[in-house]
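J.: next one to model:
(4 chains)
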Number of protein chains: 4
Amino acid sequence: MIDVTVLGATGMVGQRFVERLSTHPFFRIAHLTASDRSAGKHYAEATPWRLHSTPYGGCGDMKLKPSDPRDAFSPIVFSALDTAPAREIEPAFAQAGAVLFSNASAFRMAENVPLLIAEVNPDHLRLLEIQRKKSGNGGGIVCNANCTATVLAMALAPLHERFGVEAVVMTSMQAVSGAGFPGVASLDIVGNVLPYISSEEEKVQAEIPKMLGALNSVSIQPAIMAVSALCHRVPVIDGHTEAVSVKLRGNPTAEQVTRAMSEWTPEPQRLRLHSAPERPIRVHFEENRPQPRLDVEQDGGMSVHVGRIRPCPIMGIKFTLLGHNTHRGAAGGSVLNAELAHAKGMI
Amino acid sequence: MIDVTVLGATGMVGQRFVERLSTHPFFRIAHLTASDRSAGKHYAEATPWRLHSTPYGGCGDMKLKPSDPRDAFSPIVFSALDTAPAREIEPAFAQAGAVLFSNASAFRMAENVPLLIAEVNPDHLRLLEIQRKKSGNGGGIVCNANCTATVLAMALAPLHERFGVEAVVMTSMQAVSGAGFPGVASLDIVGNVLPYISSEEEKVQAEIPKMLGALNSVSIQPAIMAVSALCHRVPVIDGHTEAVSVKLRGNPTAEQVTRAMSEWTPEPQRLRLHSAPERPIRVHFEENRPQPRLDVEQDGGMSVHVGRIRPCPIMGIKFTLLGHNTHRGAAGGSVLNAELAHAKGMI
Amino acid sequence: MIDVTVLGATGMVGQRFVERLSTHPFFRIAHLTASDRSAGKHYAEATPWRLHSTPYGGCGDMKLKPSDPRDAFSPIVFSALDTAPAREIEPAFAQAGAVLFSNASAFRMAENVPLLIAEVNPDHLRLLEIQRKKSGNGGGIVCNANCTATVLAMALAPLHERFGVEAVVMTSMQAVSGAGFPGVASLDIVGNVLPYISSEEEKVQAEIPKMLGALNSVSIQPAIMAVSALCHRVPVIDGHTEAVSVKLRGNPTAEQVTRAMSEWTPEPQRLRLHSAPERPIRVHFEENRPQPRLDVEQDGGMSVHVGRIRPCPIMGIKFTLLGHNTHRGAAGGSVLNAELAHAKGMI
Amino acid sequence: MIDVTVLGATGMVGQRFVERLSTHPFFRIAHLTASDRSAGKHYAEATPWRLHSTPYGGCGDMKLKPSDPRDAFSPIVFSALDTAPAREIEPAFAQAGAVLFSNASAFRMAENVPLLIAEVNPDHLRLLEIQRKKSGNGGGIVCNANCTATVLAMALAPLHERFGVEAVVMTSMQAVSGAGFPGVASLDIVGNVLPYISSEEEKVQAEIPKMLGALNSVSIQPAIMAVSALCHRVPVIDGHTEAVSVKLRGNPTAEQVTRAMSEWTPEPQRLRLHSAPERPIRVHFEENRPQPRLDVEQDGGMSVHVGRIRPCPIMGIKFTLLGHNTHRGAAGGSVLNAELAHAKGMI
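T.: The predicted model follows:
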């Protein structure tokens, strides 16, 4: 068993980390941290648990530590910190020799930080070695992407591999859990649609080319593709729905696109990693699927769902995409990244 | 006062017709019709009234007639029929000499039927004269478009006029009232998104070019533009939100697009028609607007709302669009069309 | 393995029966039936599957039979029929020698039909023997109660046992799945509360005294207690919440009531029946629990949840109650009843 | 025109005050105040406007003042303060000579403060004179009640007048706007019911007897009646639904209760006060009414709605009740109270 720390354990993503890690076969929660306001309290006392699994992942009695490597060091650290605190705290843990798997956005676009989805760009993990060579102490940071970008990257990866993605227009209908807790006010979303999510479109447009980019000796060469994101919030608890129009090289047919997605079997599936879903993409053939309510919890929320693959008169191909924003798009993605690093002997 | 008949008065759109016409300055409801099952009953008895205005528009005591010109003829007829019955009933009324303003889809794409939005293509109304010349009895059919297409056409019209629309990708998040009553099952939509609405994408893709097309002596030459629609249902009562990306000739800036929309003052506004909103397009500058809950009821639901006009790296311009599906996109649009015909002396 | 038939397998409760029985340790689905419109089709073809478990319970390829014992006889029959068809079909199966476990309301109040909740009144099952003696062929009907009444009876049973219930006022906030599919129109419930559910209050008021009544040699003597039900529909998918005020003999304290509920270990739990939850009532101590979203799926939806047990200035005790309407309140309850009959050697 | 100040103008209730007062025939907004964080900013800048009327009530350019009588004195003051700041600020304005009409809970139960609903207990306003005699400067505080209690008191008042209320059990299903903005987190309420609202049950149980109590020379003698409240939050934007069971002296029939409610014409209606609805109680006869979506906005949200008046086997009478929590239950109630004081020549 490998000891791990969860930074920022009381928020929505922190709760998902605890939920997953409390039953993990080889990671064991050694420390949970929180902001100064909550440090010192028991996890159950400080946490507005909002999941319907075992309350507090059975860790309700653990005492929350400050988010400081002197108090809460583990060789492996999962970060659910907000961006601002992550800027200070994550490097402190890395300098203390920890490898961080972070869900924060602070270092996603940093040059030698991999923006990793285990299925999409497992080779980018080599950037961690470059970081370690620099730091000399074994520490480093591995980021996972914004939840909306993650779900989109999962669907685009096999298409980019087989055909090449030239341009993508993506309109999202995002779940409220993506904004954390308390997050979106109910007055703003009951019976309503919000046409704006702060920084979300910019993140998707920046992160997709990096994730689909090519690794050279020291950094990532972003993929050359145009990405346009139009992001919305809808009254759904879990599951981001994305309406995707994509221009692919060679103008493949809907059948060819379906095949590329169905057949895609990347490294985590070949390695049968613990948190990897059997199929990374589930292609649906009913005309009214996927739907958050019926599909998003399948495979523990780790697969993404594609349906209605059909021709687009402008971009060539369009389809509906769905993925779980706090499992696949957050905590589950980080844990799977750590399992990949473990399988490769890097941690 | 001009006598009018409402065909299919008990459904959601029929209710909106009754709501509007019961207080109209120069149209007076002479007949309400319903299917054979309901004909003969009082309007209040047969109608699951679902609006929060005066119940039954004050017409609860009117006796429902069969949808037959022998029982329910008026010189002006508003049709809220479903497509299948509309195919038989609307021509019967036209042959009896009535002018129909129809919300049904049955004849929208028929050659000499105008697909009319009073602000967008008022000149298309001349097709009615061609119909009348043929029929010889003064009867004819004027259709309004699908609700989603109507809202989109309102936003595109000033852009097509000033710049020329080359292509448009539109992703809708549509209200449940668009499906009528009982319509969408609550089990399908509470906390959920449905990625499919039967025939909706096809209708938008066919109707937009016709509405933005040019009238020649006998028919409409559809505008040459590519339209891609991706339609979704969301848990909102009234108001279709549309995420629009558009390619315009000459690549105007967001400022130029904003100006074109803000300055647009088409015929119904110049004529100050009774049901015409003061401004056909309200441009919002707050980053999180328009929203169905806060904006859709403004101007009696007859204006459309545009916000977040911004550059798109693929299409050039993108923006958020919102319109009321049962007012502007259905009954209100038909009534305004009739007012336009009246102002032009055609009825 | 014992062959079973599910009558009315395509509806919401039918789907729950198939979901449960398809993985049952000793019941095996032999026949699925449907109305004449669907009989002959494959289950997948005729069923709007709305659960997020394995689609069609893996029975998508089974051919639907007519609801007739000549076509679909099994020794054990689960009925998810609507009331009207149940009146004819259920006796036909009983006369053919089947034992029916029925969720329909048709025979709930019939004299020698047990209205059975395995935890609440297991002794009432003896009425089945009386039926069999009469019929002579081994057939009979065992009903389970209305979903709202079932959840309430679960909470009242240990209180009636220990103290005696004199009166109960119950206000429900019921999930839309209780109305089946399509059931409640989304226009009626998104952002709304409906203050009326047809016949629901009458059912609760009649069924509670029968379930808590005493078995004499040939029938049930209803418990003498006053029951007032006020039923509402709210925009929740699964889980009926009930606000309960109860007058108990001897005016026990909230602590005594808590203890009675927590300690209750009726027959299905002592027998460790397959579908019996570990604890029939889960008592919550957080002030804002139970909630449908966080609690109702626990124990496969088979336990009920009680919280906020506190004094009532009028009735003595009040509390919040929550139960799963289609698991505990419908299919799960019937299956558990069958397991009880099986454990007692009656089937 | 009489100058007025709105204390705490940026919150949900403050917004409702501004909405009402900006178009009032004889009150004119002189000052809007906010917390120190917002004082000095323009109203539009500091306020997350969430109503669908004219943005900022047309007062977007007014500069927010600190909540201090030296900066924002008017002879009439409306308070939308939170309880804690109200404890200091309201007496400061009263001591400066202002009459406050307050929606805060700080002084509701204070001995010589009237807890006023203009229709329910207009005579209690005489307590203001006692306050003024004490203070000597004309200042004083008039409170309105908790929103849930207000709606209930409106329905009980004609029954208490005609029959006498002995006991009432009230289960509420409350809208999210009652918690202000941001208020209830969407994660807690989308597709869910919350069985707890902090202090709400206590407020209802204390305030009802005071409001229905009798004025003696210096204070209110609370009515002797038992009140039990069970409060819940549901995903509704505006409108509290209450399921009410009531024990009345003499056990009147449902018809007698209906008549008492329908015929009730209290002082504000007789005086035709500006904000008074034509009928204080609208009795509905359809079995599925009232509903928040269809009924709560009628009469500008100032009437309450009663439906399903029927016998209760335990309490005698039960019915469904609905009222607008931020109009009738908050800002509208305060403004009506001020109009009553004005009509009586007290301000």
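J.: going by C-alpha atoms from here, please, whenever you check contacts or count neighbours.
T.: OK.
J.: what sits against the spatially closest residue to A:P195 that is not a sequence neighbour?
T.: Excluding the flanking residues, the one nearest A:P195 by C-alpha to C-alpha, 6 or more residues apart in numbering or on different chains is A:H232, at 4.6 Å. Each residue near A:H232 by C-alpha atoms under 8 Å, 6 or more residues apart in numbering or on different chains is listed here: A:T171, A:S172, A:M173, A:Q174, A:V193, A:L194, A:P195, A:Y196, A:I197.
J.: of these, which belong to strands?
T.: Within those, residues falling in strands by DSSP state E are A:T171, A:S172, A:M173, A:Q174.
J.: now these in TSV, with neighbour count and distance to chain D?
T.: TSV is the format used below for the ones in strands among the contacts of A:H232 (neighbours: other C-alpha atoms under 10 Å in any protein chain shown; distance: C-alpha to the nearest C-alpha, whole Å):
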residue	neighbour count	distance to chain D
A:T171	26	22
A:S172	26	18
A:M173	27	15
A:Q174	30	13
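J.: residues near the closest residue to A:S38 other than its chain neighbours, how many?
T.: Closest residue to A:S38 apart from its sequence neighbours, by C-alpha to C-alpha, 6+ apart: A:A46 at 6.0 Å. When neighbours are counted by other C-alpha atoms under 10 Å in any protein chain shown, A:A46 registers 19.
J.: I figured A:A46 was touching A:G40, is that so?
T.: No: judged on C-alpha atoms under 8 Å, A:A46 makes no contact with A:G40 at a distance of 9.4 Å.
J.: enumerate the residues of chain A near chain D.
T.: Contact residues (C-alpha under 8 Å from any C-alpha of the partner chain) of chain A with chain D: A:50, A:176-177, A:181-190, A:235-237.
J.: ok, and of these, which contact chain B?
T.: A:P235, A:V236, A:I237.
J.: leaving out sequence neighbours, find the closest residue to A:P75.
T.: A:A98 (4.6 Å).
J.: next one: A:R293
T.: B:N192 (5.7 Å).
J.: and the one you found, how many neighbours?
T.: By other C-alpha under 10 Å, neighbour count at B:N192 equals 25.
J.: pLDDT at it, what is it?
T.: pLDDT for B:N192: 98.
J.: one step back: and of the residues of chain A next to chain D, the nearest to chain B?
T.: Distance ranking of the residues of chain A next to chain D against chain B, using C-alpha to the nearest C-alpha, places A:V236 first at 4.4 Å.
J.: what strand or helix carries the closest one?
T.: In this structure, A:V236 sits in neither a helix nor a strand according to DSSP states H and E.
J.: wait, A:I76 sits on A:L100?
T.: Yes: between A:I76 and A:L100 a contact is recorded at 6.1 Å, counting by C-alpha under 8 Å.
J.: which parts of stretch A:126-144 are buried?
T.: By 16 or more other C-alpha atoms under 10 Å in any protein chain shown, the buried positions in stretch A:126-144 come out as A:126-132, A:138-144.
J.: now swap in stretch A:241-254 and tell me
T.: Buried, per 16+ other C-alpha under 10 Å, within stretch A:241-254: A:T241, A:E242, A:A243, A:V244, A:S245, A:V246, A:K247, A:L248, A:N251, A:P252, A:A254.
J.: leaving out the residues flanking it, which one is nearest to the residue in the stretch 51-200 of chain A positioned nearest to chain D?
T.: Of all residues in the stretch 51-200 of chain A, the one sitting closest to chain D is A:S186 (4.1 Å; C-alpha to the nearest C-alpha). Nearest residue to A:S186, sequence neighbours excluded (C-alpha to C-alpha, 6+ apart): D:S186, at 4.1 Å.
J.: can you confirm whether the longest helix anywhere in chain A lies near chain B?
T.: Longest helix in chain A, counting residues (DSSP state H): helix A:147-162. No: against chain B, helix A:147-162 shows no contacts by C-alpha under 8 Å from any C-alpha, the least distance being 15.9 Å.
J.: counting by contacts, list what that helix packs against.
T.: strand A:165-174, helix A:200-211, strand A:240-248, helix A:254-263, strand A:304-312, strand A:316-323 (3 or more C-alpha pairs under 8 Å, 6 or more residues apart in numbering or on different chains; DSSP states H and E).
J.: which one of these lies nearest to chain C?
T.: So among those, strand A:304-312 is nearest, using C-alpha to the nearest C-alpha, at 13.6 Å.
J.: residues in contact with that closest one?
T.: Contacts of strand A:304-312 (C-alpha under 8 Å, 6+ apart): A:151, A:154-155, A:245, A:253-254, A:257-258, A:280-290, A:295-296, A:317-324, A:328, B:228.
J.: now do stretch A:275-284
T.: A:119, A:154-155, A:258, A:261-262, A:264-265, A:268-269, A:272, A:290, A:299-300, A:302-308, A:332, A:335-336, A:339.
J.: now for A:S217, how many residues are close by?
T.: Neighbours around A:S217, by other C-alpha under 10 Å: 9.
J.: what sits against A:V335?
T.: Counted by C-alpha under 8 Å, 6+ apart, A:V335 has contacts A:F17, A:F78, A:F101, A:S275.
J.: circling back: show me which of the contacts of strand A:304-312 are buried.
T.: A:151, A:154-155, A:245, A:254, A:257-258, A:280-284, A:288-290, A:295-296, A:317-324, A:328, B:228.
J.: if I look at the residue of chain A positioned farthest from its centre, how far off is B:A153?
T.: Distance from the centre of chain A peaks at A:P313, with 31.4 Å (C-alpha atoms, centre = their mean). Remark: distance between A:P313 and B:A153 (C-alpha to C-alpha, to the nearest Å) = 18 Å.
J.: equivalent analysis for A:G11, please.
T.: According to C-alpha to C-alpha, A:G11 stands 44 Å off from B:A153.
J.: equivalent analysis for A:H240, please.
T.: 28 Å.
J.: rewinding a little: narrow the residues of chain A next to chain D to those in helices?
T.: Short answer: the residues of chain A next to chain D in helices (DSSP H) are A:S186, A:L187, A:D188, A:I189.
J.: pretty sure A:K318 sits against A:N251.
T.: No: with contacts counted by C-alpha under 8 Å, A:K318 stays clear of A:N251, the gap being 12.0 Å.
J.: and the closest residue to A:V142 other than its chain neighbours, what helix or strand is that in?
T.: What sits nearest to A:V142 in space, not counting adjacent residues and going by C-alpha to C-alpha, 6+ apart, is A:F101, at 4.9 Å. Per DSSP H and E, A:F101 falls inside strand A:99-102.
J.: this completes my enquiry, with thanks.
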